[in-house]
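Trainee: coords please:
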Amino acid sequence: MINAEEGGNEEEGNIADGMRLFQLLIACAEAVACRDKTDRQAFSGSTPRGGRFCCTHDEHNGHCFRQEGRREALRLVYEICPHIRFGHFVANNAILEAFEGESPVHVVDLGMTLGLTHGHQWRLLIQSLAEHAGKPPRVLSGEEQLGKLDLKTSTSEGEALVVNSILQLHCVVTERRGALNSVLQIIHELSQKVLVLAEQDSSHNGPFFLERFMEALHYYSTIFGSLDAMLPKYDTRRAKMEQFYFAEELNGMRGWTSSAGGRAVQDFRLPQLR
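Mentor: All right, here's what the predicted structure looks like:
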């Protein structure tokens with residue numbers, strides 16, 4: 001049995017370790033920003049207890065099945081964490097309000113499924129439209145790639161048009177700031193009734209690495225703090241979410257480069273309700 005004094009000492013030790021880790025992370029980020037290779041390697045290999053980070057056998061196996069692991073992690077994030085589901089709920093309510101009394105209706109989707117195999121937001125939206133009082137609206141659908149789609153010809157006169165973007169616009173923001181402006185200009189030319197937007201409450205796409213790092217550090221500290229309230233630290237479901245979902249997001253926030261030398265940016269696809 002652990003007495004109150006021992007429990008207090010353990011909690012104080014965890015807080016001290018957390019502060020030490022924050023200091024190491026910030027020092028490492030500053031070294032990266034200054035291109036100090038020696039300090040970067042020293043800091044990035046250290047833990048608060050003076051050890052080294054290492055991958056377990058299970059982690060190495062996980063890399064071999066990364067795609068399957070990411071799908072499972074995304075499913076767990078959707079089921080356990082409330083932020084994506086809440087975004088879908090609010091977005092669908094806004095879409096339903098915009099479609100009140102309209103037919104046909106048209107949704108230009110910038111990632112409604114988010115990679116979820118059952119298309120949760122689509123399924124719930126179509127179900128709500130079908131159950132609507134009176135004659136259900138005629139729903140239009142189709143799928144195109146943003147770079148090849150002529151949005152001016154993809155809509156017809158008389159359609160009630162909504163643009164839906166759930167955690168997608170940050171994917172096209174690069175250090176070339178014109179990328180986001182181009183996408184927003186295309187959306188504006190659609191003359192939609194409503195633009196439904198859900199995004200992370202943080203600025204991860206600044207032009208400077210240290211700025212992106214500090215934003216990500218504070219944002220994901222909050223995310224992982226909320227995980228503490230939902231799952232034990234060593235729960236296998238939490239490990240999957242952290243390794244295959246949040247870790248990949250963090251890699252993107254750090255500004256890893258693609259093989260062509262530019263910052264890797266997620267492809268933009270536009271599945272459309274028609």
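Trainee: Just the buried residues of stretch 100-109, please?
Mentor: E102, P104, V105, H106, V107, V108, D109 (16 or more other C-beta atoms under 10 Å). Any C-beta I mention is one placed from the backbone N, CA and C, and that applies to glycine too.
Trainee: Between those, which sits nearest H188?
Mentor: H188 has its nearest neighbour among these in V108, at 12.1 Å by C-beta to C-beta.
Trainee: Any regions of this protein where pLDDT drops low?
Mentor: 1-14, 36-66, 112-113, 115, 117-119, 133-155, 171-177, 204-206, 252-274 (pLDDT under 70).
Trainee: quick one, strands of it?
Mentor: Along the chain, counting by DSSP state E, strands occupy 105-109, 139-140, 142-145, 160-166, 194-198, 269-273.
Trainee: quick one, domains of the chain?
Mentor: Using automatic domain parsing, the domain parsing of the chain gives 1-54, 62-274.
Trainee: hmm, back to that, among the buried residues of stretch 100-109, which pair sits farthest apart?
Mentor: E102 and D109 (17.2 Å).
Trainee: Could you tell me which residues make contact with C81?
Mentor: S226, L227, M230, M241 (C-beta atoms under 8 Å, 6 or more residues apart in numbering).
Trainee: Got phi/psi on it?
Mentor: Dihedral pair for C81: phi -90, psi 140, per degrees, to the nearest 10.
Trainee: Ok, G101 next?
Mentor: According to degrees, to the nearest 10, G101 has phi 80, psi 10.
Trainee: Tell me how far it lies from A160.
Mentor: 9 Å (C-beta to C-beta, to the nearest Å).
Trainee: Please apply the same query to A179.
Mentor: 29 Å.
Trainee: Ok, R123 next?
Mentor: 20 Å.
Trainee: Also S202?
Mentor: For S202, the distance to A160 - C-beta to C-beta - is 33 Å.
Trainee: Which of those two has more residues huddled nearby?
Mentor: Between S202 and A160, A160 has the larger neighbour count (other C-beta atoms under 10 Å), namely 19 against 16.
Trainee: isn't the more buried one right up against A98?
Mentor: Yes: shown here, A160 and A98 form a contact pair, counting by C-beta atoms under 8 Å, at 6.6 Å.
Trainee: Could you tell me which residues touch both of those two?
Mentor: By C-beta under 8 Å, 6+ apart, the residues touching both A160 and A98 are K193.
Trainee: Helices of the stretch 51-200 of the chain, residue ranges please.
Mentor: With helices called from DSSP state H, counting those that start in this stretch, the stretch 51-200 of the chain shows them at 57-64, 66-80, 82-98, 120-130, 178-189.
Trainee: Identify whichever of these lies nearest to I166.
Mentor: Closest to I166 of the helices of the stretch 51-200 of the chain, according to C-beta to C-beta: helix 82-98, at 5.4 Å.
Trainee: any idea of the angle that closest one forms with helix 120-130?
Mentor: 30 degrees (axes from the mean of the first three to the mean of the last three C-alpha atoms, to 10 degrees).
Trainee: Run the angle between helix 82-98 and strand 105-109 for me.
Mentor: Using the same axes, to 10 degrees, helix 82-98 lies at 150 degrees relative to strand 105-109.
Trainee: Give me the helices and strands touching helix 82-98, please.
Mentor: Judged by 3 or more C-beta pairs under 8 Å, 6 or more residues apart in numbering; DSSP states H and E, helix 82-98 is in contact with helix 66-80, helix 120-130, strand 160-166, strand 194-198.
Trainee: could you redo the last one with a cut-off of 10 Å?
Mentor: Helices and strands touching helix 82-98, by 3 or more C-beta pairs under 10 Å, 6 or more residues apart in numbering; DSSP states H and E, are helix 66-80, strand 105-109, helix 120-130, strand 160-166, strand 194-198, helix 209-230.
Trainee: In TSV, list the ones you listed along with distance to A27.
Mentor: Formatted as TSV, the helices and strands packed on helix 82-98 follow (distance: least, C-beta to C-beta, whole Å):
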stretch	distance to A27
helix 66-80	29
strand 105-109	42
helix 120-130	41
strand 160-166	36
strand 194-198	34
helix 209-230	11
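Trainee: Please identify the most buried of those.
Mentor: strand 105-109 (a mean of 25; mean count of other C-beta atoms under 10 Å).
Trainee: partner strands of it, parallel or antiparallel?
Mentor: Using DSSP bridges, the strands paired with strand 105-109 are strand 139-140 (parallel), strand 160-166 (parallel), strand 269-273 (antiparallel).
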